[in-house]
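# just the structure for this:
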Amino acid sequence: MVPYSANETVTDYLRRLGLHTNDTLFDQSAYQRGKELICQITWHKSVVTKLFDFLATATPAEKLATAETEDANQNASSEIQLSQCLSEFKQSETLDEDNKWYCNKCQEFVQATKTLEIYRVPRILIVSLKRFKTSRSKHGFGGGQKIDTLVEFPLEGLDMRPFVLSPEQINSNLIYDCFGISNHFGSVGFGHYTAFAKNAWDGRWYDFDDSYVTNMSGGNEVRRGGLVTGAAYNLFFRLRSDMTMENLDFERLA
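Residues are numbered from 1 along each chain as shown. This next block holds a predicted model:
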């Protein structure tokens, strides 16, 4: 197996290694089988050397599987609060070597420190949880990991006042209620999406899974246990107000 991406041809891969097709292939044969072209390639020893240098520094499959199992067990056993995530979002962060910032004063790329703040929040608030962690080796071949940590979030009564800077909003009513959740099941390379949504008319939660819709009605404890899971990916909140379905102006919304 040659480590090049699906969008990269063999020639492109060789060129990226600083090699040329005519110099690296000393035996190449091909034959047609239906619509499929079968190629048998014997690599020049310089290509083989580079490839095995990469394989020698790569994580063995057994260790990788063990590490993924340990991470999965750790993710399954740990949980955090959404309020902790929002507080961490505002913490200062030093950029790593791969994300250096160009300083006009220094005239060079440096590891800068960045800080993100939330000045004000809208009526509809969408929170995306970081569920995928990417990695890259020194050879440029990437990988990744799915994060299944359970993030506890309130279905009702999320207070956003501690996380905004706007003086107007800090002193106002910023209580949000959840009305939708999108879920991801799977890993980095593949997966399946489902959604939970609260019907504004009857106040019940429904599970949307492809063409299937299931009523998730029940007690608050049972309903919460089925909604707040480690698969939650995007959370949809609505600012609490005195607006109801009876007095909602649909023409204005349109």
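
# not counting residues beside it along the chain, what's closest to residue 213?
In this structure, residue 213 finds its nearest non-sequential neighbour in residue 206, 5.6 Å apart by CB to CB, 6 or more residues apart in numbering. Every C-beta, even on glycine, is put in place using the N, C-alpha and C of the backbone.

# now the helix or strand hosting the one you found: buried residues?
Using DSSP states H and E, residue 206 falls within strand 205-209. Buried positions in strand 205-209, judged by neighbour count with 16 or more other CB atoms under 10 Å: 205, 207, 208.

# kindly report the same for stretch 164-181.
164, 169, 174, 175, 176, 178, 179, 180, 181.

# for the strand holding residue 206, C-alpha coordinates in PDB please.
Only the C-alpha atoms of strand 205-209 are listed here, as PDB (Å, rounded to 0.1, in the frame of the first residue of the first chain):
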ATOM      1  CA  TRP A 205     -39.000  15.000  22.000                       C
ATOM      2  CA  TYR A 206     -38.600  12.900  18.800                       C
ATOM      3  CA  ASP A 207     -35.800  10.800  17.500                       C
ATOM      4  CA  PHE A 208     -35.100  11.300  13.700                       C
ATOM      5  CA  ASP A 209     -33.000   8.500  12.200                       C
END
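
# and that strand, what other elements does it pack with?
If you count contacts as 3 or more CB pairs under 8 Å, 6 or more residues apart in numbering; DSSP states H and E, strand 205-209 packs onto strand 191-198, strand 212-215, helix 220-227.

# partners of it, with directions?
Strand 205-209 has its sheet partners listed here by DSSP bridges as strand 191-198 (antiparallel), strand 212-215 (antiparallel).

# among those strands, which is nearest residue 240?
Across the strands paired with strand 205-209, residue 240 has its closest neighbour in strand 191-198 (13.2 Å, CB to CB).

# my read: residue 208 touches residue 193, true?
No - if you go by CB atoms under 8 Å, residue 208 and residue 193 don't touch, sitting 9.5 Å apart.

# packing partners for whichever strand or helix holds residue 179?
Following DSSP H and E, one finds residue 179 within strand 175-186. Under the contact criterion of 3+ CB pairs under 8 Å, 6+ apart, the helices and strands touching strand 175-186 comprise strand 156-159, strand 191-198, strand 232-239.

# got the angle between it and strand 191-198?
Counting by axes from the mean of the first three to the mean of the last three CA atoms, to 10 degrees, strand 175-186 lies at 160 degrees to strand 191-198.

# where does pLDDT dip in the stretch 1-150 of the chain?
1-78, 135-143 (pLDDT under 70).

# please redo it, this time with the cut-off set to 50
Regions of the stretch 1-150 of the chain meeting the criterion pLDDT under 50 cover residues 1-6, 22-37, 62-63, 65-66, 76, 139, 141.

# swap in the stretch 151-254 of the chain?
Residue ranges of the stretch 151-254 of the chain with pLDDT under 50: 219-223.

# quick check: bridge partners of the residue nearest to residue 213?
residue 197, residue 215.

# how about it, what does it touch?
Residue 206 makes contact with 196, 197, 198, 199, 213, 214, 215, 216, according to CB atoms under 8 Å, 6 or more residues apart in numbering.

# that's all I had, so thanks and see you.
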